[in-house]
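# Test case, fold it:
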Amino acid sequence: MTWEPERLDDQRHLSEADPGGMLPAVASSAAHVRTGYRTAVETRVDRLADHGRPRAIVVAGMGGSGIVGDILAAIVGNGAPLPIVPLRSYQLPGWVGAADLVVAVSGSGDAEETVSVATQAVRRGCTLLGVGAPGSPLEAVATQASAIYVPVPVTGPSRANLWLLAAPVIVAAAALRLVQADADLFERVAKALEDMAHRCRPSSESFINPGKSLAMDLAESVPMIWGSSPVATVAAYRLACQLNTNAKYPAVHGELPEAAHNQVEVFDGPLAERDIFADTAGRTLRLVVLRDVEEQPQVARRRETSVRLARERDVPVTELSAEGEHPLERMATLIALGDYASTYLALGYAIDPTPVSAISELKARISQ
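Coordinates of the predicted model:
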């Protein structure tokens, strides 16, 4: 597999190399926001408020669905009156009980880890909210427990339906008065995603297309992706995961200030070295920093100093800034840009971004 950047402006290649339609799926994010919000309202997730505010919220999910818990925790922020715990596991923590809300999210509705957690939540008497495909095992668990279930019209892999899955959970949090998120906010987010889709459209050439430009930065490097706030860190994690699954590409993610206590040492390691006399360029480190307008002052200083250290050592740096006023808007713009970049990176290597053969093989072997 060789990187050929000219592929990114070859419209025929972009179409033929993406038979699963990952680029159109990414471009559907705005529609997914609107559909997810509308479905949540029609399903009356606001009924959760009838139970009163829970002691804690556990958001269970795996893979492309698992990030929903991180999104919720980040947009609610440190001022939350209760803990919000993302969970990627088969096992519900021992402390979770009848006073808590368990949100089970699965695009397919049959992720065995998430179905297991939902079943345990019902047995313990927790309030349960399910979000996923209609007619699925997860919906069966929720229906049997008389719990609220939001059936969203997921098509393709869960990672391509992020906002279909996330919007209902955010609507539920708004009903519990944990975050201000009304129809106007979701429409602003949808419009921001439409704008990003226009800027990153396949027909837009690489030198003005932010998605293609980021893919070109990442190509033939080992990206270390840092977030400078909780909002930006979720986007950093999402980008690393999308690089893994879409482009089959390695990536490391981190959060400031913690990354400045360990990952910064990589600037002095073997992947930061450049051999200018080598016949072929080796893959070297690239620092990718996702910035947010809401940065703690000391974190901002660590970010600035870390970037300076990297550049002094000739480590290439890419800095990206979130756009928008509300944390959800800012997160959405960063995530959308990363989704496009990971897809374009795959296509630049002539890799079909949709299949996840290794994951499928792993699941098949486990089930034997």
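
# As a check, name the ranges of all helices in the stretch 151-300 of the chain.
Assigned by DSSP state H, counting those that start in this stretch, the helices in the stretch 151-300 of the chain fall at 162-175, 183-199, 210-218, 230-246, 297-312.

# mind checking which of these is nearest Arg12?
Arg12 lies closest, by Cβ to Cβ, to one member of the helices of the stretch 151-300 of the chain: helix 210-218, at 16.0 Å. Bear in mind the C-beta positions are built from the backbone N, C-alpha and C, glycine included.

# So for Ser367, which of the helices of the stretch 151-300 of the chain sits nearest?
helix 230-246 (20.2 Å).

# for that closest one, packing partners?
Secondary-structure packing of helix 230-246 (3 or more Cβ pairs under 8 Å, 6 or more residues apart in numbering; DSSP states H and E): helix 67-76, strand 221-227, strand 252-255, strand 284-291, helix 327-348.

# for that helix, what is the average pLDDT?
When pLDDT is averaged along helix 230-246, the result is 98.

# Distance to Ala332 and mean neighbour count for the helices of the stretch 151-300 of the chain - can I get that in CSV?
Shown next, in CSV, are the helices of the stretch 151-300 of the chain (distance: least, Cβ to Cβ, whole Å; neighbours: other Cβ atoms under 10 Å):
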stretch, distance to Ala332, mean neighbour count
helix 162-175, 8, 26
helix 183-199, 5, 18
helix 210-218, 14, 22
helix 230-246, 9, 25
helix 297-312, 21, 15
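
# that older thread, can you tell me which of the helices and strands packed on helix 230-246 is most buried?
Greatest average neighbour count among the helices and strands packed on helix 230-246 goes to helix 327-348 (a mean of 27), per mean count of other Cβ atoms under 10 Å.

# Now find how far off-centre stretch 309-320 is within its chain.
24 Å (Cα atoms, centre = their mean, to the nearest Å).

# Can you name the residues in contact with it?
Residues outside stretch 309-320 that contact it (Cβ atoms under 8 Å, 6 or more residues apart in numbering): 214, 217-218, 221, 264, 267-268, 272, 274, 284-291, 307, 334, 337.

# From Ala30, how far off is the spatially most central residue of the chain?
In the chain, the residue lying closest to the centroid (Cα atoms, centre = their mean) is Arg238, at 3.4 Å. For Arg238, the distance to Ala30 (Cβ to Cβ, to the nearest Å) stands at 17 Å.

# swap in Ser204?
Taken as Cβ to Cβ, the span from Ser204 to Ala30 is 17 Å.

# Between the two, which is the more surrounded one?
Legend: neighbour count by other Cβ atoms under 10 Å for Ser204 and Ala30, higher for Ala30 (21 against 15).

# check contacts around that one.
Going by Cβ under 8 Å, 6+ apart, Ala30 touches 190-191, 193-194, 197.

# again, but for Ser357
Ser357 neighbours (Cβ under 8 Å, 6+ apart): none.

# before we move on, what about Tyr340?
Counting by Cβ under 8 Å, 6+ apart, Tyr340 has contacts 23, 26, 196, 200, 210-212, 214-215.

# do the same with Gly132
Gly132 sits in contact with 65, 104-109, 138-139, 149-152, 154, 165, where contact means Cβ under 8 Å, 6+ apart.

# Among these, which are located in strands?
Among the contacts of Gly132, DSSP state E puts 104-106, 149-151 in strands.

# Reformat those as a markdown table; add neighbour count, pLDDT and distance to Ala17.
Output for the ones in strands among the contacts of Gly132, formatted as a markdown table (neighbours: other Cβ atoms under 10 Å; pLDDT from 0 to 100; distance: Cβ to Cβ, whole Å):
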| residue | neighbour count | pLDDT | distance to Ala17 |
| --- | --- | --- | --- |
| Ala104 | 31 | 98 | 35 |
| Val105 | 31 | 98 | 30 |
| Ser106 | 32 | 97 | 29 |
| Tyr149 | 25 | 98 | 37 |
| Val150 | 28 | 98 | 34 |
| Pro151 | 20 | 97 | 33 |
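
# and which of the residues you listed is nearest Ala118?
Ala104 (4.0 Å).

# What's opposite that closest one in the beta bridge?
When bridges are called by DSSP bridges, Ala104 pairs up with Ala60, Gly130.

# i'd like the first residue to be 41 from this point on
In the new numbering, first residue 41, that becomes Ala144.

# Thought Ser176 was touching it, still the case?
No. Contact between Ala144 and Ser176 fails when scored by Cβ atoms under 8 Å: they sit 10.8 Å apart.

# Find the helix or strand that the residue lying closest to Ser156 once chain neighbours are set aside is a member of.
In space, not counting the residues next to it along the chain, Ser156 is nearest to Tyr130; the distance is 4.9 Å by Cβ to Cβ, 6 or more residues apart in numbering. Using DSSP states H and E, Tyr130 is not contained in any helix or strand.
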